[in-house]
Structures are given as structure tokens and as C-alpha cells.
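Novice: Build me a structure from this.
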Amino acid sequence: MPIRIPGQLPAKEILENENIFVMEEEQATLQEIRPLNIVILNLMPEKEKYETQLLRFLGNTPIQVNISFLRLTTHTSKNTSKYHLDTFYKPFSEVKNKKFDGMIITGSPVELIPFEEVDYWEELQSIMDWSQENVTSNLHICWGAQAAFYHHYGLHKYELPRKCFGVYEHTVLSPNENLVRGFDDTFLAPHSRYTDIEYEKIRNHPYLQVLAHSDKAGVFLAASKDGKNIMATGHLEYSATTLAEEYHRDHERGIETQIPENYFPDDDPEKEPLYRWKSHCSLLFSNWLNYYVYQATPFEWD
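Specialist: Okay, here's the model as predicted:
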């Protein structure tokens, strides 16, 4: 089934060329189907590019999904046009009286800043509090996951001695949990971050469970025991070339960045990286949408 997005969203043409089933809002309203309503708080700098990465996997399930994009009012994006934000994104004030089946809170390049010093931290806290009563299940990615660990469960991040940057092998620790249903015993996932949360603190928290872990990259997947909050510390949604783009961008800016581990063939940045985590990303998003959202949300919120 399709994802339902505005007809003029730039990601639409890209997804259609990839054979992702996309339906415009006008056509979707003619179907007698109750779609899942998913709101995305996109905190990434290059919002248009990241929209495509998320929608690619949200559109690869049998469930019709109605997408809304949320923007912050206490922060001005420097890398996305005002036209794009005004056209496709809504402020929190326009959605706070609505109910949503699922919510995604993305990463953000502010991980080295203490949470309380992030200029939009108070607004983000309000949104995360609101989500606990008005959203069936929340998926938090990378810095968004660290923000959820801290805000909801009091778990502090710490700075790594070296950037966690590359594609790492992870082991599924709870194979009977629906979020990792169909996963191989081990799987690959990209990471790009300077901070982490201690594994033992997550594992020992009474309301949390660790679903997948890496000896090199730490906890990758964790969830609250009621399924309300899912935390993914890496980026399964990244395309094959995203880490390469980050690496070359940093070098062009004069930022010393190590070659992403286990990523470029022969560790040669001039060689094209392989896409080795796509199938598990499809599983993650389809499992979340099916078991944590579709199977759990009420048909009518009222």
C-alpha cells in the first residue's frame, strides 16, 4: 500500500522512480481505508534529502500511511528553504490537538551540546511529553534516541573518545520481540555520532529492554517495555552513499574525520560503497508500523 504525501513534495518523483508506491492526497481520500497517521519531526539539516530516506521505507509496507511533517518554531533551519518548510511542514501548535498513530523524531547534529543548551530543547520536551498521550508509538533515531533516553528515562549521554563512524555488526538480543521479527541473528547498520549511552544503564533500567547491540557501536535498538518508545541509535534509513557524503563534506571543510569503518571497499574513499543494510531497514520500519502502530492503535481515537 502507498504512503500518502503532498503531490508537490520533491521526494515524490524520486520515490516513484524507485518503484515506491506513492499516492497523492486527492486519490487517497477516495479509498475507504483508515490510513495510519504518522507525524515526522525532522531535525536533520538537509530536510529534503532525509525526507526521501524515511519515506522510502515507510512506503514499503502493506499499510496505507498518511504523512505529516512537523517543524520547530524556536529554531530556524539554515539548510532548507523557507518555502519548503512553509509548504510542507506544520508548527506544533497546528497538530497538538490531534492524535497520531505513530511519530518519528530524527537525529540532529547537536549531540556535542548539552541537552539543556540546545536552542529548541524546551520545545522538543513539550513535543515528547505530548507524544506520550497523543501518539500510539514513537520511533526515535540517533540524537533523537539519546534525547528520549535522557528526557523519558533520565539516562545521560557521554562523549566518545573517537567518533562512532561506519557500518557495524550487531547481534539481536531479544529475537522474540516483534520489532526484530525476521532479523538475522546478526545484521549491519550505519552509525555516525560522537556520543553514546552506557549499555548497562539501558539494560538495567526497569522500563527498558535492549533488542540489539554491537561490541563496537554499543546499543543499537532499545524499546520501552510497553512499546510506546523505540530508540534506534544508528541510521538504518541511510542510503548507501550517505556516510561517504558526510566523510567528503567534512574533509572539504577541513574537519579531521576518520574513514568510516567497514564501509568503503578496501577502505578506499574513492570506491563506491555497497548497500548492505537495506533489507533490515525495511524489516525495522514494517515491524514498527505493523506491530507497534497498526496492531496497537485504536480505529477511532475518540
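
Novice: list the contacts for residue 156?
Specialist: Residue 156 makes contact with 150, 197, according to Cβ atoms under 8 Å, 6 or more residues apart in numbering. No exception for glycine: its C-beta is placed from N, CA and C like everyone else's.

Novice: Which strands or helices does whatever helix or strand residue 151 lives in pack on?
Specialist: Residue 151 belongs to helix 143-153 when assigned by DSSP states H and E. The helices and strands touching helix 143-153, judged by 3 or more Cβ pairs under 8 Å, 6 or more residues apart in numbering; DSSP states H and E, are strand 100-105, helix 121-134, strand 135-141, strand 157-172, strand 186-197, strand 218-224, strand 229-232.

Novice: Can you add distance to residue 88, mean pLDDT and mean neighbour count and give those back as CSV?
Specialist: As requested, these are exported to CSV (distance: least, Cβ to Cβ, whole Å; pLDDT from 0 to 100; neighbours: other Cβ atoms under 10 Å):
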stretch, distance to residue 88, mean pLDDT, mean neighbour count
strand 100-105, 15, 97, 25
helix 121-134, 18, 97, 16
strand 135-141, 19, 98, 26
strand 157-172, 30, 97, 17
strand 186-197, 25, 97, 21
strand 218-224, 29, 98, 25
strand 229-232, 24, 98, 27
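
Novice: would you list the ones you listed in TSV and tack on distance to residue 54?
Specialist: Formatted as TSV, these follow (distance: least, Cβ to Cβ, whole Å):
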stretch	distance to residue 54
strand 100-105	7
helix 121-134	17
strand 135-141	9
strand 157-172	19
strand 186-197	15
strand 218-224	17
strand 229-232	12
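
Novice: Out of the ones you listed, which is closest to residue 257?
Specialist: Proximity to residue 257 (Cβ to Cβ) singles out strand 157-172 among the helices and strands packed on helix 143-153, at 7.0 Å.

Novice: from the middle of its chain, how far away would the helix holding residue 151 be?
Specialist: Centre-to-centre, helix 143-153 and its host chain are 13 Å apart (Cα atoms, centre = their mean, to the nearest Å).

Novice: Could you do stretch 169-189 as well?
Specialist: 17 Å.

Novice: what's it in contact with?
Specialist: With Cβ under 8 Å, 6+ apart as the criterion, stretch 169-189 contacts 167-168, 209-214, 216-217, 220-221, 223, 230, 234-236, 262, 276-277, 280, 283-284, 287-288, 290-292.
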